[in-house]
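Participant: Predicted model follows, preceded by the sequence.
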Amino acid sequence: MADLGEIRRIYDILDENANGMVSVDEMFGFINKLGIPMSKEDLRCMLNNPLQDDLPFEEFVDFYQSIFNHQDDGENDEPDDLMKAFRVFDENKDGYISCNELQKVLSTMGLIPRGQDSQNCEKMICRFDSDGNGVLDFSEFKNMMSSKLSPHVDEDLYT
């Protein structure tokens with residue numbers, strides 16, 4: 001389970017107008033920055049409350065955990081949501097996630113400080129790069145996302 005303090009920090013970053021609530025518009029802007037093609041209506045459905053404009057923190061925690069705490073259910077087919085997440089990270093669409101791509105998305109999501117040294121992302125990639133090519137393929141990404149490293153990045157990588 002993700003650290004509530006970390007999720008609160010992300011929630012506060014998304015609350016651009018600092019009114020104490022994250023609106024559908026703020027979430028929609030964030031999702032668009034990540035390059036995820038989604039309509040506001042689809043987002044509202046994902047948030048389980050299509051009529052509500054603001055997302056209370058408790059509901060954001062549920063939403064956040066449903067995205068980042070995805071566990072493999074044992075079925076053979078790859079989950080669409082995990083592949084969509086991989087595609088967000090794979091900005092140049094070459095089938096691999098590079099250090100720069102990982103750093104950019106984690107920074108955009110507020111999981112690492114902007115301008116953070118790339119050595120930390122290199123350490124993350126190295127930890128899950130089973131074939132040693134310096135980038136993550138989908139299988140390695142899946143292992144990374146199902147590890148205890150996600151969504152709360154190991155403290156020692158960013159100190």
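Facilitator: Cool, the structure landed.
Participant: Domain-wise, how is this protein divided?
Facilitator: 4-68, 80-158 (automatic domain parsing).
Participant: now these in TSV, with mean pLDDT?
Facilitator: Formatted as TSV, the domains of the chain follow (pLDDT from 0 to 100):
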stretch	mean pLDDT
domain 4-68	80
domain 80-158	77
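Participant: Look up phi and psi at Ser130.
Facilitator: Dihedral angles of Ser130 (phi, psi; degrees, to the nearest 10) stand at phi -70, psi -30.
Participant: got it, and the one 4 residues further on?
Facilitator: Its backbone dihedrals place Gly134 at phi 90, psi 0, with angles given as degrees, to the nearest 10.
Participant: Identify the bridge partners of Val22.
Facilitator: Leu55 (DSSP bridges).
Participant: correct me, but it touches Phe60?
Facilitator: Yes: Val22 lies in contact with Phe60 (Cβ atoms under 8 Å); the separation is 5.9 Å. In this view, the C-beta of every residue, glycine as well, is placed from N, C-alpha and C.
Participant: got any residues that touch both of the two?
Facilitator: Applying Cβ atoms under 8 Å, 6 or more residues apart in numbering, one finds that Val22 and Phe60 are jointly contacted by 11, 14.
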